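J.: I'd like to go over a predicted model; first the sequence, then the structure.
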Amino acid sequence: MKPSTPRVVRVLAATSLRRFWNRVGAFYRRRKKGGRDGTGRKGGRSTIALVLMGLLFGLQSFSISYVYTMRVVETVEQAAGNERFNAELTERVWVRKAPVEDALRPFAVLLTLLVIALLFVGLGSSNQELSQVGWSMEWLFTFPVPTRGLFLAKVGEYALTAFFTWFTFFPLVTTILWNAGYRWWGVPLGALSTLLVAAAVSSLRVLIETYLRKRVPLHRVKNFQAVCTVVGMLLLFLVFALVSRVDVPRVLFTVSDAIGGALLWGPTASVLQIVYRPAGALMVTAWSIGIVLLALRATERQVRDGLVSAGGPYQGTRSAHGRHRPLGGVLSKDLRLLGRDRNFLVQTLVVPALLVVFQFVVNPAFNAAGSPRAVSAIAFGVAAYVLAFGGFRVLLAEQNALWLLFSLPQRLDRLLRRKTVIWGVVAVVYALGVMLYAWRPIDKMQVVDWLAPLSAVGGVFLCAFLAGAMGTIGYDPHEKEIHKKIQPEWSMLYMAVAGMYAFTLATGSLWELFVVNVLTALLVYAVWERVRRRLPYLLDPTAVPTRRIELSDGVLAIFTYSFLSRVISLIFFSLDWPPETIVRTAPLTAAAVTAALSLYLLSRGKSRSVFREVGLRRPSFGMLLWGAALGVALASLGLAYLDGMRHFEWVRELMGTEIQPGVRTAIAQVAVFVAPPIEEFLFRGLLLRGFLRTFSPGKAVVLSAFVFAVIHNPVSFVPVFLVGLCTAALFLRSRSLWPPIALHMVYNAIISYLEIA
């Protein structure tokens, strides 16, 4: 007897959840002694990074949804002649103040656009190619289970893992219900509504995918995916433009007056019926269940003759006689892949162009941002977006043919770097195109304005090599599903570094621009060194190189500390905290998070204690005295140097304006009690250790001291460089962080005290 459909769905759902739990928990569960276990997989995915990024995206989505909701309601209030709308209205039931249907019609139009966009994006930008059928579906299809149950399980998988839906539709619906008076009840109602709508969209996606796989040739499937990607991204850009504008466009109300009332009763926006009454949830439930049942029925009919389509996987033509090409062999394969894989072409080259054009058309502020620095930052951001797709695929593009590259008489890391240059050139073309179109001359061009475009072009090449290296480090050739072959935390890390570079291009000083270029170049060198050590173990499913502190660990920790310090300071500033409180709290919070996260990630899978390796061990009393004495001597030299530099006018201008006494005291407290421990941990415990793996001790000391001096004020470069040399020498001598910390604290205490006095 065949099992029932509910039982099939329940078993497959339990299997999927178990597989998900095993993957998430594999990196922190220890192997039990004497227990049965399978072959361990090397590497792992950082769940902490994914959770943190998910929280950031979620908070940003709810913030945008809340602001947009208030703007729509305020516009409706003013149109209705009700001038009582103010900040206190957010604590009331807003639908009692504004005409209910007038307030909901714009949301109905927006939700309809969003749902349609999610369907097209799912079809076009799905990581699995539509020309492939998942091996698990082929295997399960041989079981004596109802076909409808198999496809229903696939619908559930799509609905639960549609992260983009949960980060867009769910925050908007929940915010609307919250402001409609449901408050915390709006959260479960919003989640239920999102799940139902996601199930309906997923069932349509399964139906269309099945039809395409059964009835359409493979090359046309690629073209269809490309069209879906373009349509889906255009609709998403339209939705983002509507919710991000300062004012609500009048065209939205014009369209909502025409068709908004009908959309409120349709499947895409019937969730808004809950605003009228809780029983409105029955309407969205009925719509979703009806669509799912009809789609499953149609899908079941598509495979009544079998799941796998006719025809072999090898399609297309090839000329009988080859010819010499300037970019031949491995280097041209990625470019040929662009020409053959239309969906990849659209995602990599067309979508960035559409993004730029759409922003220039619908966003006047974006179009007016013609200053050299703003244009350079925009151009760099577009190029970095291109590299996020193309640059990360330098190794992923090989897939099953990867073993052939190991047989070539060239080092694999050199081949990958040469392929990366191609993507760097492609990205630079996009950056130059944006700069040529958007450049506007200004009256007074400073040095940083002239250097910003050059820095943007150089930064594009740095990001190209960064994307290629991170895509290689995060690549798992043994993963069966293509969209899981690259660990997502490396993509997020790349976007964070690129975002900091773009932010510095737009707002940073000349010295800050130099600093970010030095750190990015150092990070590129560090990650490629890590690639070179990892590649010999790439095809082995279990073996990995000996895990030690590497140069990339130190540079990434420095980037993390800088990034967190800026973000936390901006958050506290937006909360109207006092300046002295921000100065004390932001560096301390960033230091604690960076140190804890670094120690946790470094301690995974290591045979010896990472605390001793970074220098967290008990020092001798004599070395502490040496550190304090050197701190006094270096502080004397530093004060004499700074006193001499004050005679130069450009130095006094570089030091800036007078700082308030309270803020100056807070800076001194941070310099004495917060900066020495975290900076010694970063620059001596991590960065110096990383340099020692590649360079001699003398070169490692000089390089670590140079990087340490670069991140400080340019006026104090010389004394800080001497401090870096002495602290590095103390660290190598004592193998402990405490003597360098003592030197650093004494030096900062003397400088800060005399500066305040």
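T.: Thanks, I have the structure now.

J.: low-scoring stretches of the stretch 51-200 of the chain, by residue?
T.: Scanning the stretch 51-200 of the chain for pLDDT under 70 picks out 51-54, 56-57, 77-102, 125-145.

J.: any idea where the helices of it begin and end?
T.: 100-124, 135-140, 147-160, 163-177, 186-215 (DSSP state H, counting those that start in this stretch).

J.: Could you tell me the angle between the longest one and helix 163-177?
T.: Between the axes of helix 186-215 and helix 163-177, defined by axes from the mean of the first three to the mean of the last three CA atoms, to 10 degrees, the angle is 150 degrees.

J.: helices or strands up against helix 186-215?
T.: Applying 3 or more CB pairs under 8 Å, 6 or more residues apart in numbering; DSSP states H and E, one finds that helix 186-215 contacts helix 100-124, helix 147-160, helix 163-177, helix 218-244, helix 281-302. C-betas here are computed from N, CA, C, even on glycine.

J.: From the chain's centroid, how far away is it?
T.: Its chain's average C-alpha position is 25 Å from that of helix 186-215, according to CA atoms, centre = their mean, to the nearest Å.

J.: May I see the buried residues of that helix?
T.: 186, 189-190, 192-210, 212-214 (16 or more other CB atoms under 10 Å).

J.: Contacts for stretch 485-504, please.
T.: With contact meaning CB atoms under 8 Å, 6 or more residues apart in numbering, stretch 485-504 is reached by 43, 45-46, 49-50, 53, 377, 380-381, 384, 388, 392, 396, 459, 462-463, 466-467, 470-471, 473-477, 479, 512-513, 515-516, 520, 523, 556, 559, 562-563, 566.

J.: picking that back up, possible to save the helices and strands packed on helix 186-215 as JSON lines with distance to Leu264?
T.: Shown next, in JSON lines, are the helices and strands packed on helix 186-215 (distance: least, CB to CB, whole Å):
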{"stretch": "helix 100-124", "distance to Leu264": "5"}
{"stretch": "helix 147-160", "distance to Leu264": "23"}
{"stretch": "helix 163-177", "distance to Leu264": "12"}
{"stretch": "helix 218-244", "distance to Leu264": "18"}
{"stretch": "helix 281-302", "distance to Leu264": "10"}
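
J.: now for the helices of the stretch 51-200 of the chain, which one comes closest to Ile741?
T.: Ranking the helices of the stretch 51-200 of the chain by proximity to Ile741 (CB to CB) places helix 163-177 first, at 41.9 Å.

J.: So which elements touch the closest one?
T.: So helix 163-177, by 3+ CB pairs under 8 Å, 6+ apart, packs with helix 47-79, helix 100-124, helix 186-215, helix 273-276.

J.: any chance of the ones you listed in CSV, with distance to Ile750 too?
T.: Formatted as CSV, the helices and strands packed on helix 163-177 follow (distance: least, CB to CB, whole Å):
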stretch, distance to Ile750
helix 47-79, 38
helix 100-124, 59
helix 186-215, 54
helix 273-276, 65
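
J.: quick one: which of those is nearest Pro352?
T.: helix 100-124 (15.1 Å).

J.: Can you give me the buried ones in that closest one?
T.: For helix 100-124, by 16+ other CB under 10 Å, it's 101-124.

J.: so which of the helices and strands packed on helix 163-177 comes closest to Trp528?
T.: Comparing the helices and strands packed on helix 163-177 by CB to CB, helix 47-79 comes nearest, at 21.3 Å.

J.: how many neighbours does Arg733 have?
T.: 12 (other CB atoms under 10 Å).

J.: Repeat that for Ser63.
T.: Residues lying near Ser63 (other CB under 10 Å) number 12.

J.: repeat for Gly554
T.: 28.

J.: In terms of helices and strands, where is it?
T.: helix 551-574 (DSSP states H and E).

J.: list the helices and strands that helix packs on?
T.: Counting by 3+ CB pairs under 8 Å, 6+ apart, helix 551-574 packs on helix 488-507, helix 510-534, helix 579-603, helix 689-692.

J.: at 10 Å instead, please
T.: helix 447-473, helix 488-507, helix 510-534, helix 579-603, helix 675-680, helix 689-692, helix 697-710 (3 or more CB pairs under 10 Å, 6 or more residues apart in numbering; DSSP states H and E).

J.: In that helix, which residues are buried?
T.: Buried, per 16+ other CB under 10 Å, within helix 551-574: 551-565, 568-569, 572.

J.: Show me how far it is from its chain's centre.
T.: That offset, for helix 551-574, works out to 15 Å (CA atoms, centre = their mean).

J.: quick check: angle from it to helix 447-473?
T.: Using the same axes, to 10 degrees: helix 551-574 against helix 447-473 is 120 degrees.

J.: same question for helix 551-574, mean pLDDT?
T.: Averaged over helix 551-574, pLDDT sits at 87.

J.: so that helix versus helix 697-710, what angle?
T.: Going by the same axes, to 10 degrees, helix 551-574 makes 10 degrees with helix 697-710.

J.: what is the orientation angle of helix 551-574 with helix 579-603?
T.: Interaxial angle, helix 551-574 versus helix 579-603 (the same axes, to 10 degrees): 150 degrees.

J.: which one of the helices and strands packed on helix 186-215 lies closest to Thr507?
T.: helix 218-244 (20.0 Å).

J.: packing partners for the closest one?
T.: helix 47-79, helix 100-124, helix 163-177, helix 186-215, helix 342-345, helix 351-362.

J.: and if we set it to 7 Å?
T.: With contacts defined as 3 or more CB pairs under 7 Å, 6 or more residues apart in numbering; DSSP states H and E, helix 218-244 has these neighbours: helix 47-79, helix 100-124, helix 342-345, helix 351-362.

J.: Name the next helix or strand downstream of that helix, please.
T.: Counting by DSSP H and E, the next helix or strand C-terminal to helix 218-244 is helix 250-255.

J.: immediately after that following helix, which helix or strand?
T.: Next along from helix 250-255, by DSSP H and E: helix 261-263.

J.: my guess is Pro372 contacts Leu451, does it?
T.: No - counting by CB atoms under 7 Å, Pro372 stays clear of Leu451, with 9.2 Å between them.

J.: Neighbour count for those two, which is higher?
T.: Neighbour count, other CB under 10 Å: between Pro372 and Leu451, Pro372 has more, with 23 against 19.

J.: What is the burial count for the closest residue to the more buried one other than its chain neighbours?
T.: Using CB to CB, 6 or more residues apart in numbering and skipping the chain neighbours, the partner closest in space to Pro372 is Asp449 (4.3 Å). For Asp449, the neighbour count with other CB under 10 Å is 15.

J.: The chain should start at 57 in everything you say after this.
T.: Okay, residue one is now 57; in that scheme the one you just asked about reads as Asp505.

J.: Rebuild the helices and strands packed on helix 607-630 as a markdown table, extending it with mean pLDDT.
T.: Below are these laid out as a markdown table (pLDDT from 0 to 100):
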| stretch | mean pLDDT |
| --- | --- |
| helix 503-529 | 89 |
| helix 544-563 | 86 |
| helix 566-590 | 91 |
| helix 635-659 | 89 |
| helix 731-736 | 94 |
| helix 745-748 | 92 |
| helix 753-766 | 94 |
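
J.: what's next to the helix holding Gly610, contact-wise?
T.: 552-553, 556, 575, 578-579, 582-583, 585-586, 638, 641-643, 645-647, 649-650, 654, 658, 734, 738, 742-743, 746-747, 749-750 (CB atoms under 7 Å, 6 or more residues apart in numbering).

J.: Can you list the low-confidence ranges for the stretch 307-456 of the chain?
T.: 362-400, 412, 414-426, 453, 455-456.

J.: and with 50 instead?
T.: Where the stretch 307-456 of the chain drops to pLDDT under 50, the residues are 366-380.

J.: Tell me who's in contact with the spatially closest residue to Lys755 that is not a sequence neighbour.
T.: Residue nearest to Lys755 in three dimensions, not counting chain neighbours: Phe747, with 7.3 Å by CB to CB, 6+ apart. The contact partners of Phe747, taken as CB under 7 Å, 6+ apart, are Leu607, Ala756, Leu759, Ser760.
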